[in-house]
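[1] need coordinates for the below:
(chains A and B)
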Amino acid sequence: DTEVTQTPKHLVMGMTNKKSLKCEQHMGHRAMYWYKQKAKKPPELMFVYSYEKLSINESVPSRFSPECPNSSLLNLHLHALQPEDSALYLCASSPLYLDQAADTQYFGPGTRLTVL
Amino acid sequence: EDQVTQSPEALRLQEGESSSLNCSYTVSGLRGLFWYRQDPGKGPEFLFTLYSAGEEKEKERLKATLTKKESFLHITAPKPEDSATYLCAVQAMNTGFQKLVFGTGTRLLVSP
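    I've put the predicted structure just below:
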């Protein structure tokens, strides 16, 4: 089973709202990721958690706040977003087998976020 | 700088008309090359991981191949349900285990 689940599927929020995106995987993967994707563009990496610790932050504005409560769950807390933050937000996970040459990432279905 | 270029940007095929998508890459050292399929408004679906030149992998009507400079995704006798954007990404030695460099994708449309 290579399934990553994300909730909600769609989210509409005002610029003063606080909301959270959730991601879950039960594949025993030890790395989890947040990406942002705009229309007709490839995914852009935002954050990476390795062994439940934040290992990569791609200079993302502080209005996006990630959280990894345990090895299966990943949250993205949103506050005071701007209309230009509207996008498809993707979660991914990977095994982090360090004896392999490369680490394959498996993506969830995404959350379509609209900021009014 | 690591770079991935996909061509063509868009491809229209008739059902049954075989073709190939190209992914050219420039990296300091290749850990792996990945192919994903993405339907509109959905997350990328993993297809293949290729590790070294000469490697080939197949899945149904799709076959991925890898050389030292590029990868091809061959689509044999495509069906309308193969219509999607196909993304290529590389993982490089100098950017660590977890960063992917994506191409901009090839949008494939297969007409009945």
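[2] is chain B within reach of the helix or strand containing A:Pro69?
    Applying DSSP states H and E as the criterion places A:Pro69 in strand A:64-70. No: on the criterion Cβ under 8 Å from any Cβ of the partner chain, strand A:64-70 is out of touch with chain B, staying 14.0 Å away. Any C-beta I mention is one placed from the backbone N, CA and C, and that applies to glycine too.
[3] neighbouring strands - and their directions - for the following helix or strand past that strand?
    Downstream of strand A:64-70, the first helix or strand assigned by DSSP H and E is strand A:73-79. Its sheet considered, strand A:73-79 pairs with strand A:18-25 (antiparallel), strand A:64-70 (antiparallel) by DSSP bridges.
[4] residues in contact with the residue in chain B that chain A sits nearest to?
    As assessed by Cβ to the nearest Cβ, chain A sits closest to B:Gly32 within chain B, at 2.6 Å. By Cβ atoms under 8 Å, 6 or more residues apart in numbering or on different chains, the contact list for B:Gly32 reads A:Ala101, A:Ala102, A:Asp103, A:Thr104, B:Thr49, B:Leu50, B:Tyr51, B:Val90, B:Gln91.
[5] can you list the buried residues in stretch A:79-89?
    A:Leu81, A:Asp85, A:Ser86, A:Ala87, A:Leu88, A:Tyr89 (16 or more other Cβ atoms under 10 Å in any protein chain shown).
[6] ditto for stretch A:33-41
    A:Tyr33, A:Trp34, A:Tyr35, A:Lys36, A:Gln37.
[7] count of residues packed around the residue lying closest to B:Glu15 once chain neighbours are set aside?
    Closest residue in space to B:Glu15, ignoring its immediate chain neighbours: B:Pro112 at 5.2 Å, by Cβ to Cβ, 6 or more residues apart in numbering or on different chains. B:Pro112 has 7 neighbours, counted by other Cβ atoms under 10 Å in any protein chain shown.
[8] so what pLDDT did B:Pro112 get?
    On pLDDT, B:Pro112 comes in at 96.
[9] now swap in B:Cys23 and tell me
    So B:Cys23 comes in at 98 (pLDDT).
[10] what's the answer for the one 10 residues further on, then?
    Among the per-residue scores, B:Leu33 holds a pLDDT of 97.
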